[in-house]
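Participant: give me the fold of what follows.
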Amino acid sequence: MKFLIDMPASPDLVAWLQERGHETVHAKNINLETASDSIIMNRAATEERIVITANLDFGTLLAQSKRDTPGVILFRGGNYSEAEMRELVARVLETVKPDALKRSIAIVDKRRIRVTRLPLKKP
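Facilitator: Numbers count the residues shown, from 1 in each chain. Next up, the predicted model:
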């Protein structure tokens, strides 16, 4: 799979995912460190990448846009250590089929993973 790691997530996830055979970039490494969330979302969709982020705005953007891509893994509920992020991303990858993940938002916290198919409906 292909991933774009957003600024709130650790750049160390890039190497960890690459070691597992995934094509992964960090926003900072592709000159998107100061880009708007919309630009990051568009880039991820164009390149068919799944965004990994802790930025809650991605859920709102997806709902407002009614888009069915890009897929997003969204960390909620506090700060996560590098080890916790790796463990939770691994759980998402083990439990959500790749085709579903590309068109879903996986909301992750320390206790559970909730997967919602895109497009999202406005609240």
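
Participant: where's residue 121 relative to residue 102, distance?
Facilitator: Residue 121 is 19 Å from residue 102, where distance means CB to CB, to the nearest Å. Just so you know, the C-beta spots here come from the backbone N, C-alpha and C atoms, and that holds for glycine as well.

Participant: who has more neighbours out of these two?
Facilitator: Neighbour count, other CB atoms under 10 Å: between residue 121 and residue 102, residue 102 has more, with 18 against 7.

Participant: gap between the longest helix seen in the chain and the chain center?
Facilitator: What stands out as the longest helix in the chain, according to DSSP state H, is helix 82-95. Centre-to-centre, helix 82-95 and its host chain are 12 Å apart (CA atoms, centre = their mean, to the nearest Å).

Participant: next, the buried residues of whatever helix or strand comes next after it.
Facilitator: Toward the C-terminus, helix 82-95 is succeeded by helix 98-101 as the next helix or strand (DSSP states H and E). Within helix 98-101, the residues scored as buried using 16 or more other CB atoms under 10 Å are residue 101.

Participant: and if you look at stretch 109-117?
Facilitator: Of the residues in stretch 109-117, residue 115 count as buried by neighbour count, 16+ other CB under 10 Å.

Participant: mind checking the SS state of the residue nearest to the spatial centre of the chain?
Facilitator: The residue lying closest to the centre of the chain (CA atoms, centre = their mean) is residue 52, at 2.4 Å. Residue 52 falls in the strand class when you classify it by DSSP: H, G, I helix; E, B strand; the rest coil.

Participant: distance of it from residue 43?
Facilitator: Counting by CB to CB - residue 52 and residue 43 are separated by 14 Å.
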